[in-house]
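[1] structure for this input, please:
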Amino acid sequence: MSLRIVVTVKYVPDATGDRHFADDLTVDRDDVDGLLSELDEYAVEQALQISENSDDDVEVTVLTVGPEDAKDALRKALSMGADKAIHVEDDDLHGTDAIGTSLVLAKAIEKAGFDLVVSGMASTDGTAGIVPALLAERLGVPQVTLLSEVSVEDGTVRGRRDGDAASEQLEASLPAVVSVTDQSGEARYPSFKGIMAAKKKPVQSWDLSDLDIEAEEVGLEGAWSAVETATARPARTAGTIVKDEGEGGKQLAAFLAERKFV
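    Reported below is the predicted structural model:
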């Protein structure tokens, strides 16, 4: 018996970089370094653990939608241990929102073939967290989301979702879509052997025509949501310095009271 796992990953701007909008009010990805979204590393890790703990023949495919540089995210996932990768790249994808992204991912997943789709809980740039649910709807399969623990056995995916007051034990029959949180287990660091092996693993490249998607369905033209205006964050100003010359405590209390902090 075989199990086909597709892990959706995203190439995102480095959160430590100087992120800003381009002239068309999309995120300017050219002036900041990118990397594999940290939350997606947990998804890759859980897929690999399912593979390692299974008696079945498991194939782990990582899938991303993005520009040429997005291959770096795929290489990171491959160096962690994924078997192969798929990169959907097309100039008409520029400006695609979460709705359009879910369409492209769903078409690619159907073309690749799957039993289980594993996603992170959200991307670290958009942080909407809605793509897993959209994927499940488009693929017509059950979703089990925000899992802190996940396993697959006998055609069923099971997991634990932790809430503020209780934990739920959930399960769904395959095929299914799951998303995992950053509490699901620390993602492994690629070994030197894994990095070298990743260079030989296959990376397929598809565009919109390969997925029978029209340009009007994606990109800025097909987006259901868009940024209309944006204002740069003002530069930080110097703070108030309280010099303690015997009255420092009173000055500090007055400062806090004036701003209604106390």
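[2] all strands of the stretch 1-150 of the chain, in order?
    If DSSP state E, counting those that start in this stretch is used as the criterion, the strands of the stretch 1-150 of the chain fall at 2-8, 11-13, 34-36, 57-65, 84-88, 116-120, 143-147, 149-153.
[3] adjacent strands (with direction) for the first one?
    I take that to be strand 2-8. Sheet pairing for strand 2-8, assigned by DSSP bridges, gives strand 57-65 (parallel), strand 116-120 (parallel).
[4] ok, which of those strands comes nearest Leu252?
    Judged by CB to CB, the one of those that comes nearest to Leu252 is strand 116-120, at 43.0 Å. Yep, even glycine has a C-beta here, placed from its N, CA and C like the rest.
[5] mean confidence for that closest one?
    Computed over strand 116-120, the mean pLDDT rounds to 97.
[6] that strand versus strand 143-147: what angle between them?
    40 degrees (axes from the mean of the first three to the mean of the last three CA atoms, to 10 degrees).
[7] pull the CA atoms of strand 116-120 into CSV?
    Provided in CSV are the C-alpha atoms of strand 116-120 (Å, rounded to 0.1, in the frame of the first residue of the first chain):
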residue,chain,number,x,y,z
LEU,A,116,-3.0,13.6,2.3
VAL,A,117,-2.2,17.3,2.1
VAL,A,118,-0.3,18.8,5.0
SER,A,119,0.0,22.6,5.5
GLY,A,120,1.3,24.9,8.1
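[8] now name the helix or strand holding the residue lying closest to Ile99 once chain neighbours are set aside.
    Closest residue to Ile99 apart from its sequence neighbours, by CB to CB, 6 or more residues apart in numbering: Trp224 at 4.6 Å. Under the criterion DSSP states H and E, no helix or strand holds Trp224.
[9] tell me the contacts of Trp224?
    Residues near Trp224 by CB atoms under 8 Å, 6 or more residues apart in numbering: 97, 99-100.
[10] of those, closest to Asp31?
    So of those, ranked by how close each gets to Asp31 (CB to CB), first place is Asp97, at 21.3 Å.
[11] hang on, Ala128 packs against Ala122?
    Yes: if you go by CB atoms under 8 Å, Ala128 and Ala122 touch, sitting 6.4 Å apart.
[12] of the two, which one has the most company?
    Ala122 (21 against 13; other CB atoms under 10 Å).
[13] measure Val88 to Glu38 for me?
    Distance of Val88 to Glu38, given as CB to CB, to the nearest Å: 21 Å.
[14] not counting its neighbours along the chain, what's nearest Thr240?
    Phe255 (6.3 Å).
[15] where does this structure dip in pLDDT?
    1 (pLDDT under 70).
[16] contacting residues around the residue nearest the centre of it?
    Nearest to the mean C-alpha position of the chain, by CA atoms, centre = their mean, lies Ser123 at 3.6 Å. The contact partners of Ser123, by CB under 8 Å, 6+ apart, come to 10, 12, 37, 39-40, 131.
[17] ramachandran angles for the closest residue to Val150 other than its chain neighbours?
    Sequence neighbours aside, Gly159 is the residue nearest to Val150 in space, at 4.1 Å (criterion: CB to CB, 6+ apart). Backbone torsions for Gly159, taken as degrees, to the nearest 10, come to phi -160, psi 170.
[18] contact partners for Gly159?
    144, 147-151, 169-171, 178, 180.
[19] possible to save the residues you listed as CSV with distance to Tyr189 and neighbour count?
    Shown next, in CSV, are the contacts of Gly159 (distance: CB to CB, whole Å; neighbours: other CB atoms under 10 Å):
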residue, distance to Tyr189, neighbour count
Val144, 27, 21
Leu147, 22, 25
Ser148, 21, 16
Glu149, 21, 17
Val150, 21, 23
Ser151, 23, 16
Gln169, 30, 9
Leu170, 29, 18
Glu171, 31, 13
Val178, 23, 28
Val180, 18, 28
